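# Below are the sequence and a predicted model; questions follow.
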Amino acid sequence: MIKTKTEFIRNKDTGILEAYRDGKRVGVITAMGDFIGDVELMEKVERGEQSKIRIMFVCLGNICRSPMAEIIFKDIAEKAGKANDFIVSSSATSDENVYNGVGAEVYPPAKRILERHGLSADGKRAVQLSCDDYDKYDLFVCMDNSNFRDASSILNGDREGKLRLLMGYTSRPGSVSDPWYTGDFETAYADIEEGCKALFNIYERCFKGENHA
């Protein structure tokens, strides 16, 4: 196995301490110390202690942003030949789109924007995040701070540091644009695609063929 050194460098413009591996940013430590990146998870995969990375995308209703993220990330992994290295799902912090145990389909405008990019949301229905999910996934990647807080409450806290913001993986941390209120699904798609590509780029090199001898 090829050992990869992690370096921590303070960004001169933002003052944020950033973690780099092979010249690529893999995480940050904010002024509040609330995001430290995913170095430990990466190293578990590189050591062969874990064969897949399990990701749950989270938004309020699981009919717009988080299913878009699930579908986009799966497509990125599939095209890179890495689909078998990830388990990817999505869920809601609210139960408003789950009726008698049956989830609503993806919101039609979200379906249409996915279709314009050659992707299908067929078969995806809303599910609600549950406390039991905490031990089933490595990362809970939220679309905004409200989702982050609600997910933390549902999961009874974040004792192992699994909660993330999707845009925190990009060069412009913040929230994914919410098309439920703006009606702008193209911007939401662009935000999600950028975040998913950044997230994928962090992990895809952990698997055999990149960082393994």
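That came in fine, so what should we check first? Small disclaimer: the values here were computed from a predicted structure and weren't measured.
# could you list every residue that touches Ala104?
Taking Cβ atoms under 8 Å, 6 or more residues apart in numbering, we find Ala104 in contact with 61, 63, 97-98, 125-126. C-beta: built from backbone N, CA, C; applies to glycine.
# Name the nearest residue to Gly138, ignoring sequence neighbours.
Not Gly; residue 138 is Asp. When the adjacent residues along the chain are set aside, Asp138 lies closest to Arg54, with 4.8 Å between them (Cβ to Cβ, 6 or more residues apart in numbering).
# Look at the spatially most central residue of the chain and give its secondary structure.
With the centre of the chain defined as its mean C-alpha position, the nearest residue by Cα atoms, centre = their mean is Val141, 3.8 Å away. Using DSSP: H, G, I helix; E, B strand; the rest coil, the secondary structure recorded for Val141 is strand.
# tell me the contacts of it?
Val141 is in contact with 55-58, 69, 164-166, 195, 199, counting by Cβ under 8 Å, 6+ apart.
# re earlier: of the contacts of Ala104, which is the nearest to Gly118?
Ranked by distance to Gly118 (Cβ to Cβ), these are led by Ile63 at 20.4 Å.
# hmm, back to that, dig out what the residue nearest to the centre of the chain forms beta bridges with.
Val141 forms beta bridges with Phe57, Arg164, as assigned by DSSP bridges.
# the longest helix in this structure is where?
Longest helix in the chain, counting residues (DSSP state H): helix 185-203.
# Show me what counts as buried in that helix.
185, 188-189, 191-196, 198-200, 202-203 (16 or more other Cβ atoms under 10 Å).
# so what does that helix touch, helix or strand wise?
Using 3 or more Cβ pairs under 8 Å, 6 or more residues apart in numbering; DSSP states H and E as the contact criterion, the elements in contact with helix 185-203 are strand 24-29, helix 39-46, helix 65-79, helix 108-116, helix 179-182.
# Just name the most buried of the ones you listed.
Neighbour counts (mean count of other Cβ atoms under 10 Å) averaged over each of the helices and strands packed on helix 185-203 peak at helix 65-79, with a mean of 23.
# With just CA atoms, put that helix into CSV.
Output in CSV follows, covering the C-alpha atoms of helix 65-79 (Å, rounded to 0.1, in the frame of the first residue of the first chain):
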residue,chain,number,x,y,z
ARG,A,65,-32.4,18.1,-3.6
SER,A,66,-31.4,14.9,-1.8
PRO,A,67,-32.8,12.5,-4.4
MET,A,68,-31.1,14.6,-7.1
ALA,A,69,-27.8,14.3,-5.2
GLU,A,70,-28.3,10.5,-4.8
ILE,A,71,-28.9,10.1,-8.5
ILE,A,72,-26.2,12.5,-9.6
PHE,A,73,-23.6,10.9,-7.4
LYS,A,74,-24.5,7.4,-8.5
ASP,A,75,-24.1,8.5,-12.1
ILE,A,76,-20.7,10.0,-11.5
ALA,A,77,-19.5,6.8,-9.7
GLU,A,78,-21.0,4.6,-12.5
LYS,A,79,-19.3,6.6,-15.3
